[in-house]
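Enquirer: model this:
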Amino acid sequence: MKENISIKVNGQQQTVEVDSATPLLYVLRNELELNGPKYGCGLEQCGSCMVLIDDKAVPSCRTPVSAVAEQEIITLIGLIQEDGSLHPVQQAFEQEQAPQCGYCVNGMIISAVALLKEHPQPDDATIREGMQRVLCRCGTYTRVMKSVRAAAETMNP
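Expert: Got it, this is the predicted structure:
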């Protein structure tokens with residue numbers, strides 16, 4: 001049964017007419033046409049569908065839209081600064097050429113942003129732990145580590 005559900009995405013209040021059990025990922029991609037989060041496994045195991053919910057990286061593929069109605073949701077595009085520049089994590093990923101196929105990059109960047117909010121100067125073990133929920137099929141983990149380190153230095157000199 002469809003109902004009107006109001007969610008705040010990338011700083012804007014949105015109302016969607018969907019079943020309350022609809023996964024947030026489907027609402028973001030199909031209703032709001034936000035293509036940052038990707039459908040990967042549908043089991044919360046690959047990380048390609050990550051979004052920030054109240055500054056925490058959360059897989060959106062199985063999270064019911066009704067569960068996040070009162071929370072702040074940020075997608076990859078929502079990280080872009082007001083002046084149009086990329087977020088420091090996005091810049092670092094570009095600079096270090098971390099993405100290859102690009103499928104995991106959404107989850108990697110979202111996870112890195114959440115990690116750096118919680119641990120502004122993470123060591124390598126903390127970075128590995130913070131990024132472990134995202135599977136990169138191309139194996140660019142070394143570049144991802146460099147990207148997170150570079151972003152940490154930029155954000156917290």
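
Enquirer: need the contact partners of stretch 134-143.
Expert: For stretch 134-143, contacts defined as C-beta atoms under 8 Å, 6 or more residues apart in numbering pick out 40, 45-48, 50, 96-101, 103-104, 107-108, 111, 131, 144. In this view, the C-beta of every residue, glycine as well, is placed from N, C-alpha and C.

Enquirer: do that again at 6 Å, thanks
Expert: Outside stretch 134-143, the residues within contact range by C-beta atoms under 6 Å, 6 or more residues apart in numbering are 46-47, 96, 98, 100-101, 104, 107-108, 111.

Enquirer: quick one: it to chain centroid distance?
Expert: Relative to its parent chain, stretch 134-143 has a centroid offset of 16 Å by C-alpha atoms, centre = their mean, to the nearest Å.

Enquirer: A112 contacts P88, correct?
Expert: No: contact criterion C-beta atoms under 6 Å: A112 and P88 do not qualify, at 9.7 Å.

Enquirer: Three-state assignment for S6, please.
Expert: For S6, the assignment made with DSSP: H, G, I helix; E, B strand; the rest coil gives strand.

Enquirer: so how many other residues sit close to it?
Expert: 10 (other C-beta atoms under 10 Å).

Enquirer: A112 and P88 - which one has more neighbours?
Expert: For A112 versus P88, neighbours defined as other C-beta under 10 Å are more numerous around A112 (28 against 20).
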